[in-house]
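1. need coordinates for the below:
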Amino acid sequence: MLLTIILALLVLSLLILVHELGHFLVAKRAGIGVEEFGFGYPPRMFAKKIGETVYSINWLLFGGFVRLLGEDLEESERLKKQERSFWNKSKRARTGVIVAGVIGNFLLAIVCFSVVYSVAGIPTKTNQVEIVGLVENGPAVQAGLMTGDLVLSVNEVVVDNVNQFVDLVNQEKGKQITLKVDRKENNPCLEKVLGGLGFSCENGKLILFMTPRENPPEGEGALGVVISDMEMKKYPLWQMPFYGAKEGFKEAFAWTGLIAGGIGQMFGDLVTKGQVPKEIAGPVGILQLTSTVARSGWLTILQFIGVLSINLAILNILPFPALDGGKLIFIAYEAIARKKPKPKIEQWVNLIGMALLMLLLALVTINDVRRLIETTSLGTKLHSILPF
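-> Purely as a prediction, here's the structure:
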């Protein structure tokens, strides 16, 4: 458990540091004064000043921060004549600094996904439906289907993709269907037999009979199989980084749409139902996921980092007070009203926004704990006495 906590803190620290590094680099390029770039949070353990910037390592070894000259409006009022103050720079420069953190997280996700695909291979359509998993005691297992089998046809209709296979099976729920299967190893039909108990043979191919369930358990499907029409293809070593980068971009954009939709659903459910969707994970949920991911190897950890990095990028760009997106709202107000917002207004809006974020975090954490309890052996007993 301790190693899981350490890994989770390292992962989250990496995400935060990359985010802050984006702010730092663009602020430097825009000529904005950077007072401090810190790893962890105060109290300070060690610091060294290089040029105008203090680089520090702090005792709370988690995440990091960048402190820009005149970053908040109240300080900016005091630094009106300071050319290198954040709020005295152009709207374009300030927008670039704010967005840079989000871009940093997005780029980190692309790098993580690209490395994963460069090593694991490029997902490629095979035009074959392969059985890659089986549910215990499902119709497929009972009929003799095995992992690695290639399904050639369903009721004599040739299949070459998973959607076609699923449609054909679902059309015949409750009725017996015939699957023609190509099996490379332990295939009884290669022994020149005509058939046996529950199967027959045709030109070395297995013919299996099974009945799709009309009301299967949730997540199991009518036959209880996990299927795929993809393979992880390897190209020459020098080409893999290029193919990997291409897939990394595609994966990053796919997760962006998926996570944005999930966040939209979360706020929608909060407004309409007054609850957080069960699928949304907070700190406890991330810790639980980290524990699972850590046992799956370093490629899975990299992919997990990529997903979390996209998540952080989207959350930060939301037009919500106290987030980067909230700062963009103040810049937009300045562009429309042709004047900077009053410092007190900004402070109160950010304070209220932070309070709402803490409330949302509390709700998500309660959701995490409830889900964790329900999946433990003691869960049923405890659930009856807990208030959530």
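2. list the helices and strands whatever helix or strand residue 335 lives in packs on?
-> Taking DSSP states H and E as the criterion, residue 335 maps to helix 324-337. Other helices and strands packing on helix 324-337, by 3 or more CB pairs under 8 Å, 6 or more residues apart in numbering; DSSP states H and E, are helix 91-120, helix 298-317, helix 343-374. For glycine as for every other residue, the C-beta is placed from the backbone atoms N, C-alpha and C.
3. out of these, the one nearest residue 271 is which?
-> The closest of these to residue 271 is helix 343-374. By CB to CB, the value is 12.2 Å.
4. just the strands in this protein please.
-> Taking DSSP state E as the criterion, the chain carries its strands at 34-50, 53-68, 122-134, 150-154, 157-158, 177-182, 195-196, 199-202, 205-210, 225-233.
5. dump these to CSV, plus mean pLDDT.
-> Output for the strands of the chain, formatted as CSV (pLDDT from 0 to 100):
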stretch, mean pLDDT
strand 34-50, 92
strand 53-68, 90
strand 122-134, 93
strand 150-154, 95
strand 157-158, 95
strand 177-182, 95
strand 195-196, 66
strand 199-202, 89
strand 205-210, 93
strand 225-233, 92
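6. same list (the ones you listed) but as CSV, adding distance to residue 18.
-> Formatted as CSV, those follow (distance: least, CB to CB, whole Å):
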stretch, distance to residue 18
strand 34-50, 12
strand 53-68, 9
strand 122-134, 26
strand 150-154, 43
strand 157-158, 48
strand 177-182, 47
strand 195-196, 59
strand 199-202, 55
strand 205-210, 50
strand 225-233, 27
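7. right, so of those, which gets closest to residue 216?
-> strand 225-233 (10.8 Å).
8. with mean neighbour count and distance to residue 25 added, can I get the strands of the chain in CSV?
-> Listed next are the strands of the chain as CSV, based on neighbours: other CB atoms under 10 Å; distance: least, CB to CB, whole Å:
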stretch, mean neighbour count, distance to residue 25
strand 34-50, 15, 10
strand 53-68, 17, 10
strand 122-134, 15, 31
strand 150-154, 20, 50
strand 157-158, 10, 55
strand 177-182, 20, 54
strand 195-196, 13, 68
strand 199-202, 16, 64
strand 205-210, 20, 59
strand 225-233, 16, 35
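9. residue 356 versus the most centrally placed residue in the chain, what's the distance?
-> Centroid-nearest residue in the chain, with CA atoms, centre = their mean: residue 307, separated by 2.8 Å. Remark: distance between residue 307 and residue 356 (CB to CB, to the nearest Å) = 25 Å.
10. so where is this protein shaky, pLDDT-wise?
-> Within the chain, the set of residues satisfying pLDDT under 70 comprises 1, 72-81, 192-196, 270, 273-288, 360-388.
11. which residues does stretch 17-37 contact?
-> Under the contact criterion CB atoms under 8 Å, 6 or more residues apart in numbering, stretch 17-37 has outside partners 39, 52-56, 63-70, 82-86, 89, 93, 96-98, 100-105, 107-108, 309, 312-313, 316.
12. same question for stretch 102-122.
-> By CB under 8 Å, 6+ apart, the surrounding residues in contact with stretch 102-122 are 14-15, 18-19, 21-22, 123, 231-235, 240-241, 243-245, 247-249, 251-252, 255-256, 299, 302-303, 305-307, 309-310, 312-313, 316-317, 324.
13. just the buried residues of those residues.
-> Among these, those buried by neighbour count (16 or more other CB atoms under 10 Å) are 14-15, 18-19, 21-22, 240, 243-245, 247-248, 251-252, 255-256, 302-303, 305-307, 309-310, 312-313, 316-317, 324.
14. can you list the buried residues in stretch 314-325?
-> Buried residues in stretch 314-325 (16+ other CB under 10 Å): 314, 315, 316, 317, 320, 321, 322, 323, 324, 325.
15. whoops, I mixed them up, stretch 325-338
-> Using 16+ other CB under 10 Å as the test for burial, stretch 325-338 gives 325, 326, 327, 328, 330, 331.
16. who are the contact partners of the nearest residue to the third one once chain neighbours are set aside?
-> Nearest residue to residue 327, sequence neighbours excluded (CB to CB, 6 or more residues apart in numbering): residue 98, at 5.1 Å. With contact taken as CB under 8 Å, 6+ apart, residue 98 is in contact with 23, 324, 327, 328, 331.
17. mind doing that once more with 10 Å?
-> By CB atoms under 10 Å, 6 or more residues apart in numbering, the residues touching residue 98 are 22-23, 26-27, 86, 316-317, 323-328, 330-331.
18. out of the residues you listed, which one sits closest to residue 347?
-> residue 330 (11.4 Å).
19. can I assume the closest one is in contact with residue 86?
-> No. Taking contacts as CB atoms under 10 Å, residue 330 lies outside contact range of residue 86: 11.8 Å.
20. quick check: closest non-adjacent residue to residue 316.
-> Distances taken as CB to CB, 6+ apart put residue 324 closest to residue 316, at 4.5 Å, once the chain neighbours are dropped.
21. if I look at the one you found, how far off is residue 98?
-> Using CB to CB, one gets 5 Å for the distance from residue 324 to residue 98.
22. anything in contact with each of these two?
-> What both residue 324 and residue 98 touch, as defined by CB under 10 Å, 6+ apart, is the set 23, 316, 317.
23. nice, that's everything, thank you.
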